[in-house]
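> give the three-dimensional model of this entry:
(one chain, ligands or ions: 1)
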Amino acid sequence: MAENNQRLRLAMLGGGDGALIGGVHRIAARMDDRYELVAGVFAPDPAANRQFARTLGLAEERVYADYQTLLQAEAERPDGAEVVAIATPNHLHFPMALAALQAGLHVVCEKPMTLTVEEAEALARAAGESDREFLLMHNYVGYPLVQHAREMVASGQIGKLISVQVEYVQEWLTEEPAADNKQAAWRLDPEKAGAAGCLGDIGTHAFHLARFITGEPVSAVSADLVSHVPGRVLDDNVQALLRFEGGARGSLWASQTAPGHENALRIRVIGDKASLHWQQEAPNELLYAPLNAPAQRITRRDDLLGNAVGRSIRIPGGHPEGYLEAFANLYQALADRVRSGQSVAWLPGVEAGVEGMRFVEAALQSSQADGRWTAIRPVDTAAGRR
Ligand code: SOE
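The predicted structure follows:
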């Protein structure tokens, strides 16, 4: 397919006033000038929806009451939306993504992909039957040094994988949140968040990061989920042991009740020749520690990292890049795929969502059975969508 840099017409579902991630999607989509926001439904309340859309400068007739009307009306326009970004509470991901694929749109979907494994599998089938792209927003794989770590593992630089320690800890739900905290309200409500709390919200990011860097599926989990805040229904702290398909062992800790931790995602990948250590709050460096030799601090240099990684670097080393740039890398890669047919193998897709939901389900079952080892059914990635 020929290079075509025409901006992709983007519609957005969710992400209105008071939302954190909606604004991030809009910044990330614009960063490389590959998208134009043309339509949306930002809030269920009609007045709030219109008011918010006005702040974005959207044409009034392209601000819709609900997603069904948006999909239908945009399909009838010659300049209709081509991609839809879903940044709503979890329970809406599945119906919206399914309808969008069926309406012929490419989909960008927040994690966790669905509420259940059944929904995830149904979405994977729908994506398989369509010729549209599906991007699951596991944004942390967009960091250049995460991609570099993955390349180092794949090219044998750490040797045989022995263990993985991954943790994603935050403090923001340590206390009962204020009643008007919109972010917290739906995340703590099983009707909207699903059966998993912290496990679904950030445990899935940690799980995907481990899977992404190592390239190895996790075959079984033994999990212990707990809720520290009295009256809270969903888990807010997860400790899990992992068994990787190739024999490596791992541990995953996800918590939203960890005072002093803001957005502390970090991973250590241990091989028999070397270890790697990366932290999201200091994302411009990766520690490479070979056996019996001095450790090396690898910095995010555009001139040293490989081509695949180089494309996702915008300014030379020493000029910090961060969360927004990493997020934008996924949007950029999706645009490459849609406009130029470029294969971007690292982009998390619908299979990553199925895998994530199978992990969530297995961890929930394991915890209910007092930590019993529970198998995670493997995902067929033959279709090349990960
Ligand atoms: C809240 O815990 C949250 O916004 C998550 O929902 C995001 O996925 C994570 O990236 C940052 O924290």
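> closest residue of the stretch 151-300 of the chain to the ligand?
Asp201 (4.7 Å; CB to the nearest ligand atom). Heads up, the C-betas are built off the backbone N, CA and C, glycines and all.
> contacts only, for the residue most central in space within the chain.
Centroid check for the chain by CA atoms, centre = their mean gives His138 as the closest residue, at 1.6 Å. His138 sits next to Lys111, Thr204, His205, His208, Leu209, Phe212, Pro348, Ala352 when contact means CB atoms under 8 Å, 6 or more residues apart in numbering.
> same list (the residues you listed) but as a markdown table, adding pLDDT and distance to Ser366.
Formatted as a markdown table, those follow (pLDDT from 0 to 100; distance: CB to CB, whole Å):
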| residue | pLDDT | distance to Ser366 |
| --- | --- | --- |
| Lys111 | 98 | 20 |
| Thr204 | 98 | 15 |
| His205 | 98 | 19 |
| His208 | 98 | 18 |
| Leu209 | 98 | 20 |
| Phe212 | 98 | 22 |
| Pro348 | 97 | 24 |
| Ala352 | 98 | 21 |
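> which pair in those spans the largest distance?
Spanning the widest gap among those are Lys111 and Phe212, at 12.9 Å by CB to CB.
> near the ligand, which residues of this protein are found?
Neighbours of the ligand within the chain, by CB under 6 Å from any ligand atom: Leu20, Ile21, Gln170, Asp201, Ile202, His205, Asn263.
> buried ones among the residues you listed?
Buried by 16 or more other CB atoms under 10 Å: Ile21, Gln170, Asp201, Ile202, His205, out of the residues of the chain next to the ligand.
> nearest to Ala254 among those residues?
Nearest to Ala254 among those, with distances taken as CB to CB, is Ile202, at 5.2 Å.
> re earlier: helices - which of the residues of the chain next to the ligand land there?
Ile21, His205 (DSSP state H).
> so for the residues of the chain next to the ligand, which is the shakiest by pLDDT?
Ranked by pLDDT, these bottom out at Leu20, which has 91.
> so it sits against Lys182, correct?
No: counting by CB atoms under 8 Å, Leu20 stays clear of Lys182, with 9.2 Å between them.
> for Ala28, list the residues it contacts.
Asn139, Leu324, Phe327, Ala328, Leu330, Tyr331.
> ok so Val107 is a strand residue?
Yes: counting by DSSP: H, G, I helix; E, B strand; the rest coil, Val107 is found in a strand.
> against the ligand, how distant is it?
Using CB to the nearest ligand atom, to the nearest Å, Val107 is found at 17 Å from the ligand.
> how about Val141?
Using CB to the nearest ligand atom, Val141 is found at 12 Å from the ligand.
> tell me the secondary structure at that residue.
Under the three-state scheme (three-state DSSP), Val141 adopts helix.
> would you confirm that it contacts Trp346?
Yes: contact criterion CB under 8 Å: Val141 and Trp346 qualify, at 6.4 Å.
> no further queries at this time; thank you.
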